[in-house]
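[1] Here is the input, now give the coordinates:
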Amino acid sequence: MENMQELLSKCKSLKLLYAEDNEIVRKSNLELLSNFFDDIDIAQDGLEGLEKFQKSHYDIVISDINMPRMNGIEMLTCIREIDRDVIILVISAHNNVSYFTDTIKLDIQGYILKPTNVIQLTDALKQGVEKIAIKENEVKYKNELKESVESEIKKREETEALLLQQSKMASMGEMIGNIAHQWRQPLAELTLLIQSFKTAQKRGILDERFVDNRVTKGMGLINNMSGTIENFRNFYSPNRAKTQFSVIESITKSLDIFDGAFSNNNIKLVIKYDKDSDYSLYGYAYEVEQVFINLLSNAKDSIIERDLSTQRVILVEVISNGNMVTIFVRDNGLGLDNKIKEKIFEPYFTTKDDDKGTGIGLYMSKKIVDQHLRGTLSASNVEFEVDNNKFSGAEFMLRLPQTKEEI
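    This is a model prediction of the structure:
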């Protein structure tokens, strides 16, 4: 406390418990204490003081030592067990070393000898009030820190939610592009089929047999296109319950989506796995599918960007040892530049043009793998073989733990 006015102002906001058995001393000290405190409770012995403390909150306790039923040391020992932070001052006529030892153990903030004078009381109160101020500042700092942490967590969650939404939108754009690839050929065939009716009419062969034949072909093409839409609809309406599922089935489901894109870009897809091995996982199948689609999309884009005149290859290899499923996705595209290899999993980092990449696909994939699937996702440059032909490019390695317990 810097001055008396500040001390008085602070004491007026505090609640005091004063224990003293001697009525004359009690009245005398109350007159003095009333100059500092507005809220004072009185106890005539240690037991009454303890009972009052148990029923109410006090900021400061001032007590005599020698009192009937329960002495001050016993009362203050019990009070300290209840509240480690309450300020304790002792007023006593005894200048006994044993009393000092006992009060030191109780971590009191002041020892005042009777008869009480203003200077002694003021000095003791200053020490006590300063400790209260320090404690209040600690609480204030902790609350501010908590609010700051909660605010940062909220901002991060909002950012993560935005990134997830952007990732979904980017994936949706990829899916729409893949639908276009898969629809291109059947749409061309439907166009020719419709035009054939006019040609048949001009040639005079537009009979029932011709119509039935063209309708059957047309309905087959339409059913195929409808099936494509159904596959994508199922992908964007995932099962939200954790289940036991096969990684191979999830990979196959993801690969089906890229049939048109791979075919139109002359990309050969090879998948290798042991049919007798167990590839089951427990969790959300759609999360594995989302990660795998991001990896396939990156492999496809890397191959197209390299503009290969030779064979274009993506190799997917799945290995299981009963405890861990490891998925390798290799392509003979551009590979990974060693200068930026460590940054590829950072948000918004992309080597593609602005209209071709957002830089969130790999970031969200790694986040899903690390936090949801409890696995690992890493990348490197490798050499690999397909049908006795050697290739080089990027490899993404996805390792997922196999368990029937909740992830």
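
[2] mind listing the helices for the stretch 201-350 of the chain?
    Here the stretch 201-350 of the chain has its helices, by DSSP state H, counting those that start in this stretch, at 208-235, 247-257, 259-264, 285-306.

[3] Which other helices and strands does the second one contact?
    Helices and strands touching helix 247-257, as assessed by 3 or more CB pairs under 8 Å, 6 or more residues apart in numbering; DSSP states H and E, comprise helix 208-235, strand 267-272, helix 285-306, strand 312-320, strand 324-331. (C-beta placed from N, C-alpha, C; glycine too.)

[4] which stretch among those comes nearest residue 8?
    helix 285-306 (63.9 Å; CB to CB).

[5] Considering only helices and strands, which part of the protein has the lowest mean pLDDT?
    Here the helix or strand of the chain ranked lowest by mean pLDDT, DSSP states H and E is helix 97-105, holding a mean of 64.

[6] coming back round to it: pick the most deeply packed of the helices of the stretch 201-350 of the chain.
    Comparing the helices of the stretch 201-350 of the chain by mean neighbour count (mean count of other CB atoms under 10 Å), helix 285-306 ranks first with a mean of 22.

[7] Beyond the least confident helix or strand of the chain, next helix or strand please.
    Next along the chain after helix 97-105, taking DSSP states H and E as the criterion, comes strand 110-113.

[8] Output that next one in CSV with nothing but the alpha carbons.
    Backbone C-alpha positions of strand 110-113 (Å, rounded to 0.1, in the frame of the first residue of the first chain) are rendered in CSV as follows:
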residue,chain,number,x,y,z
GLY,A,110,1.2,-10.1,11.4
TYR,A,111,1.8,-10.4,15.1
ILE,A,112,0.6,-7.5,17.2
LEU,A,113,1.5,-7.1,20.9
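
[9] in what helix or strand does the residue nearest to the spatial centre of the chain lie?
    Nearest residue to the geometric centre of the chain (CA atoms, centre = their mean): residue 157, 6.9 Å. Assigned by DSSP H and E, residue 157 belongs to helix 118-203.

[10] Run the chain-centre distance for that helix.
    Distance, stretch centre to chain centre, for helix 118-203: 11 Å (CA atoms, centre = their mean, to the nearest Å).

[11] and the angle for it with helix 247-257?
    For helix 118-203 against helix 247-257, the angle by axes from the mean of the first three to the mean of the last three CA atoms, to 10 degrees is 60 degrees.

[12] For residue 34, which of the helices and strands packed on helix 247-257 is the nearest?
    helix 285-306 (69.0 Å).

[13] JSON lines please, covering the helices of the stretch 201-350 of the chain and showing distance to residue 66 and mean pLDDT.
    Shown next, in JSON lines, are those (distance: least, CB to CB, whole Å; pLDDT from 0 to 100):
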{"stretch": "helix 208-235", "distance to residue 66": "83", "mean pLDDT": "77"}
{"stretch": "helix 247-257", "distance to residue 66": "79", "mean pLDDT": "83"}
{"stretch": "helix 259-264", "distance to residue 66": "92", "mean pLDDT": "76"}
{"stretch": "helix 285-306", "distance to residue 66": "72", "mean pLDDT": "86"}
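
[14] Take the ones you listed and write them to JSON lines, including distance to residue 198.
    Below are the helices of the stretch 201-350 of the chain laid out as JSON lines (distance: least, CB to CB, whole Å):
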{"stretch": "helix 208-235", "distance to residue 198": "12"}
{"stretch": "helix 247-257", "distance to residue 198": "36"}
{"stretch": "helix 259-264", "distance to residue 198": "29"}
{"stretch": "helix 285-306", "distance to residue 198": "38"}
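
[15] do you know which of the ones you listed lies nearest residue 111?
    Nearest of these to residue 111, taken as CB to CB: helix 285-306 at 65.8 Å.

[16] which strands and helices sit next to that closest one?
    On a contact count with 3+ CB pairs under 8 Å, 6+ apart, helix 285-306 meets helix 118-203, strand 243-246, helix 247-257, strand 312-320, strand 324-331, helix 361-367, strand 389-401.

[17] Output the ones you listed in CSV, with distance to residue 49 appended to each entry.
    Below are the helices and strands packed on helix 285-306 laid out as CSV (distance: least, CB to CB, whole Å):
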stretch, distance to residue 49
helix 118-203, 17
strand 243-246, 63
helix 247-257, 70
strand 312-320, 71
strand 324-331, 65
helix 361-367, 58
strand 389-401, 60
